[in-house]
Every structure is written in C-alpha cells, then in structure tokens.
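# okay, predicted coordinates and the sequence, questions at the end:
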There are 2 protein chains.
Amino acid sequence: MSTTLPPSLSDLRALVFDVFGTVVDWRGSLIEEGRALGRRLGVTLDWAQLADDWRAGYQPAMAEVRSGRRPWAHIDTLHREILDRLLAARGQHWPEHEVAAFNLAWHRLQPWPDSRAGLLRLKARWPVATLSNGNVSLLVDMARHAGLPWDAVFSAELFGHYKPDPETYLGAARLLGVQPQQLMLVAAHPSDLRGAAACGLRTAHVARPLEHGEGGWREPWTPGEFDVETDSFTALAHALGA
Amino acid sequence: MSTTLPPSLSDLRALVFDVFGTVVDWRGSLIEEGRALGRRLGVTLDWAQLADDWRAGYQPAMAEVRSGRRPWAHIDTLHREILDRLLAARGQHWPEHEVAAFNLAWHRLQPWPDSRAGLLRLKARWPVATLSNGNVSLLVDMARHAGLPWDAVFSAELFGHYKPDPETYLGAARLLGVQPQQLMLVAAHPSDLRGAAACGLRTAHVARPLEHGEGGWREPWTPGEFDVETDSFTALAHALGA
C-alpha cells in the first residue's frame, strides 16, 4: 500500500525529534532507577515526586541561560545542581559517586514502546536526528543504551542556545543542508512545536499522555494547530507514508 | 579470546575517525561516478586525473579559511568552486544540474572493504563518531548511503575550524564528555594524527596505501610515531580488543 503525502509535506527532506518525553519516558525511567537505588542504599523516598521535581527544575534552570543571566551550561550540569538541592531538601546525603551515577540516569532513559520501530521506518525514507536540549554525550549514551538509530545527534549544546530559541531549529536545518520548510520537528510539546513553526519548520505532534504519569499534566493545544497530529512514531510513519 | 589493551589505552572512552581516505575511498568512488556520468553525457575525460586535481584543490581552499583570509565556507561550497575551475580548464560545459549532482558525489563515497565491519566491532565497545572536514549533511548522506553506523557525526562545520586546528580535536572531546587522552583519532593521514596528538588525543594510524591509487603518493611517517599502527579497521578492532 502506498500513501500519498499531504501536499504541504511533499517537499519534506528530514525529521528532527525532541527527545525527553517525546522519544523516551523520562519519568518512568527515573522512578525505576530511583527504586533500584533505594533498595541498594536502603533509602525510602517518593521517587515519582523526586522525578517530577527534578524535571520541574529544568525549565527555570534553562531560562537562566536563555535570558543571558547565566553563561552557557549544559544539561548534565543543570541536572546535577537541581538534584543536589532536591536531595539536601530531603535530608539525603549519599556518597558522591552515587549522586554522580544517579545524575546520569538521564543518559539511560527508556524509549516509549513505539519509538524505535517508528524511527526505523522513518529513517528508511528520511534522515532522522535529535534536536534536544540534552547535551551531546547524554544523547549519544542514550542512543547506544536504547538502540535509537539516529543519523545525527543535534543538541542545544551545538548552538549555544536552548529550545525554543530560533537558533536551534534554524541551526538544525542549516546543518542538514535543507530549508526550514523542508524540515519537520516531531515533539510531544506544543510550545516546542510552536517555536519550530515560527521558524518555518513543519510540525508533528505526537501525544504522550503518560509523560507526567497517569492523569498527570498535559500542555494544552488546539487540534489542527500542527501539520500532523498523532499518538505514536509508528502512526507518524504511517501518516507520512514511510 | 580476550585481548588486553596496552596500558596507555586502558582509559579509552571513545573513538573519532577521519573520513575521506580513512573510511571511504574518495578516489575510486569519484572515478566510478565520473565514468558513469561520462557515458551518460557522452564526455571523455581522464576521470582519475580529475579526481586527483579535485582533491588537490582541497587543502589550499581550506587553508584560505584556516588562515582567516576567508570567512567560514563548508566543503560542499569549496568542492563546487574547485570543480567549476577544473571543468572550465577542460572546456567542459555541463548543464547546471549535472554539475550540482556530480559535486554531491562526495556525499556518496564508498567505504573501504573493512570499514563497516570494523566500525561495528568498535562501536560495540565504544562510541564511534566522525571527525571530518566534510560538512554535516555530507557525512549524514554518506553514512546513510554506505551504512556507516556512527553514534555521532562531528564535523569541522560544528567548530568553525578545519583540522588540524586544535578546536576540532578538543571540540570532539568536549562534546563526548571525555578528556583528550580518553579519545582516539583514527586516520590514514599522519598530519591529522599529529594534530590530534598535540592536543593530547590517542592516535591510531590505519594505512590506506591505495588512497591515491596504485603507486600513488603516501604521506611519510615514522613507525612508532602513533599509539596503534595498523592497516584496516578490523585489525584496529583486534588490536584494541574489541
């Protein structure tokens, strides 16, 4: 069966992907790593709350960098600063090597069940690359751990700007040698997609309703806002005819 | 069988690879593309000489950028300028789309016979990435065309500097989150390896005696200069115990 692309997408040349929440389940993965660590250290914590608080510290930390109030710092550094505060607030004093290793849990996040299969289908037709606020070494480790078949790993780190700054979307198009309208951002987050659309990129919204857990927060958006709106990478591949 | 790493290499964390000549046979690939084009256009040229002249124009073109005499320009642009001169000198006036397509022959270079198998073995143990003067889109196209399993595609383009400027070697180490001495450059070219060694990287020389054709030029070097000296990627994997 052959599927015809919507006319607006017929010039598509490459796809870039948000990663945290879109490709991988950061919350479930952090909870699982936390529980294993807790059993090993004999520590009892609300790991789901820790995961949520850790992630919640991320936007304000990046905002410091985006505003220019703070020089460039990458996500491993920001994650570690947030984690240190969260552990101190909980009266937790772990050995340094355990804190350092837990901070790298973000390098070992697990993909959603459809991510790998969908990426392989899409990759057979177009280049697929990350476009993440995560640093390059984090994304490389994650891809090796989770078997994600990226053609290239693009990170905010390469541009010295975090999404949704336009330098990130336009930088990815430039590195891929394509026009913005020939590039599609795939993301679970409407704010990210709006940043890409403002730069002329095509957009695919992939709903990840469990990103913040059962009944958790979901960023609002309006159906019809994005070029493609779907709920898995395999469904996206189907919609694009890949 | 298990192989023990030389002690100086026991801290190895990642490998980066020169590409043109080291991973792929640019000369043989260009000759083959040229001959096919010649049959199609009814053009008779010395394609080996054209390939050699094209490649010979590359170092002077990069030197203009490296010296600061010219602002950043990427390899697709430099290759096209050189090709235009070479075709004009030969009285060749091809349709624009044919020249543009032939310029992209560099995106479709064929790997040496051992490249892919060796990379897969090395990748099973360490991250493997390009560190090439080729632009990112060229390297992405090449990897997709030739099935090269890179974990990341690093290019001079990311650093705004061409090898052997130190920004390239140190930039790759920074992006991979490793110290220079934990990173190895694999290259067929002694000058590139010397640039890396001056930045503290480990070095692996892989001889590619046919890079410039049978009996062609070979850049001189002294046995014992580099940490590992071998003649294929599979032999390199064996030497490193991968």
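That came in fine, so what should we check first?

# domains for chain A, by residue range?
The record's domain parsing of chain A by automatic domain parsing lists A:7-25+A:110-240, A:27-108.

# which of those is buried the deepest?
domain A:7-25+A:110-240 (a mean of 20; mean count of other Cβ atoms under 10 Å in any protein chain shown). Just so you know, the C-beta spots here come from the backbone N, C-alpha and C atoms, and that holds for glycine as well.

# of the domains of chain A, which is nearest chain B?
Taking Cβ to the nearest Cβ as the criterion, chain B comes closest to domain A:7-25+A:110-240 out of the domains of chain A, the separation being 3.4 Å.

# need the contact list for residue A:124.
Shown in contact with residue A:124 (Cβ atoms under 8 Å, 6 or more residues apart in numbering or on different chains): residue A:242.

# got the domains of chain A as TSV, with mean pLDDT columns?
As requested, the domains of chain A are exported to TSV (pLDDT from 0 to 100):
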stretch	mean pLDDT
domain A:7-25+A:110-240	96
domain A:27-108	95
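
# of the ones you listed, which is nearest residue B:94?
For these, proximity to residue B:94 was assessed by Cβ to Cβ; domain A:7-25+A:110-240 is nearest, at 21.6 Å.

# please list all residues in contact with the residue nearest to residue A:181 when sequence neighbours are not counted.
The shortest distance from residue A:181 to any non-neighbouring residue, by Cβ to Cβ, 6 or more residues apart in numbering or on different chains, is to residue A:200 (5.2 Å). The neighbours of residue A:200, taking Cβ under 8 Å, 6+ apart as the test, are A:179, A:180, A:181.

# again, only this time at 10 Å
In this structure, residue A:200 makes contact with A:166, A:169, A:170, A:173, A:179, A:180, A:181, A:182, A:183, judged by Cβ atoms under 10 Å, 6 or more residues apart in numbering or on different chains.

# residue contacts, residue A:84?
For residue A:84, the residues meeting the contact criterion (Cβ under 10 Å, 6+ apart) are A:92, A:99, A:103.

# actually residue A:26, not the one I typed
A:19, A:20, A:51, A:54, A:55, A:58, A:105, A:106, A:109, A:110, A:211, A:212.

# redo that, cut-off 6 Å
Contact partners of residue A:26, counting by Cβ atoms under 6 Å, 6 or more residues apart in numbering or on different chains, are A:20, A:109.

# how near is it to chain B?
19 Å (Cβ to the nearest Cβ, to the nearest Å).

# to residue B:40, which of the domains of chain A lies closest?
Each of the domains of chain A has some distance to residue B:40 by Cβ to Cβ; the shortest is domain A:7-25+A:110-240, at 24.7 Å.

# so how far is that closest one from its chain's centroid?
For domain A:7-25+A:110-240, the distance between its averaged C-alpha position and the chain's averaged C-alpha position is 8 Å (Cα atoms, centre = their mean, to the nearest Å).

# swap in stretch A:89-102?
When C-alpha coordinates are averaged (Cα atoms, centre = their mean), stretch A:89-102 and its chain have centres 25 Å apart.

# please see if it touches chain B.
No. Interface with chain B: stretch A:89-102 contributes nothing (Cβ under 6 Å from any Cβ of the partner chain), its closest point being 12.4 Å away.

# that stretch: end-to-end distance?
The stretch stretch A:89-102 measures 17 Å between its terminal residues, going by Cα to Cα, to the nearest Å.

# same question for stretch A:206-213.
Per Cα to Cα, the first residue of stretch A:206-213 is 16 Å away from its last.

# all helices of chain A, in order?
Counting by DSSP state H, one finds helices in chain A at the ranges A:26-41, A:47-56, A:58-66, A:75-89, A:96-103, A:115-123, A:136-146, A:156-159, A:166-176, A:190-198, A:233-240.

# of those, which approaches residue A:13 most closely?
Relative to residue A:13, the nearest member of the helices of chain A by Cβ to Cβ is helix A:166-176, separated by 7.3 Å.

# contact partners of that closest one?
With Cβ under 6 Å, 6+ apart as the test, helix A:166-176 has contacts from A:14, A:16, A:131, A:154, A:156, A:159, A:161, A:180, A:183, A:196, A:199, A:201, B:136-137.

# okay, the residues you listed in CSV with distance to residue A:44 next?
Written out in CSV, the entries for the contacts of helix A:166-176 read as follows (distance: Cβ to Cβ, whole Å):
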residue, distance to residue A:44
A:14, 47
A:16, 40
A:131, 38
A:154, 40
A:156, 35
A:159, 41
A:161, 40
A:180, 49
A:183, 47
A:196, 42
A:199, 46
A:201, 45
B:136, 47
B:137, 51
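
# with adjacent residues omitted, what lies nearest to residue A:158?
On the basis of Cβ to Cβ, 6+ apart, the spatially nearest residue to residue A:158 that is not a chain neighbour turns out to be residue B:158, at 5.8 Å.

# and what of residue A:118?
For residue A:118, ignoring the flanking residues on the chain, the nearest one in space by Cβ to Cβ, 6+ apart is residue A:233 at 2.3 Å.

# now do the contacts for that neighbour.
Neighbouring residues of residue A:233 by Cβ under 6 Å, 6+ apart: A:114, A:115, A:118.

# and if you look at residue A:185?
The contact partners of residue A:185, by Cβ under 6 Å, 6+ apart, come to A:16, A:196, A:201, A:203.

# please redo it, this time with the cut-off set to 10 Å
Contacts for residue A:185 (Cβ under 10 Å, 6+ apart) come out as A:15-18, A:22, A:131, A:163, A:168-169, A:172, A:192-193, A:195-197, A:199, A:201-205, A:226-227.

# beta partners for it?
Partner residues in beta bridges with residue A:185: residue A:16, residue A:203, with DSSP bridges as the criterion.

# fine by me, we can end here.
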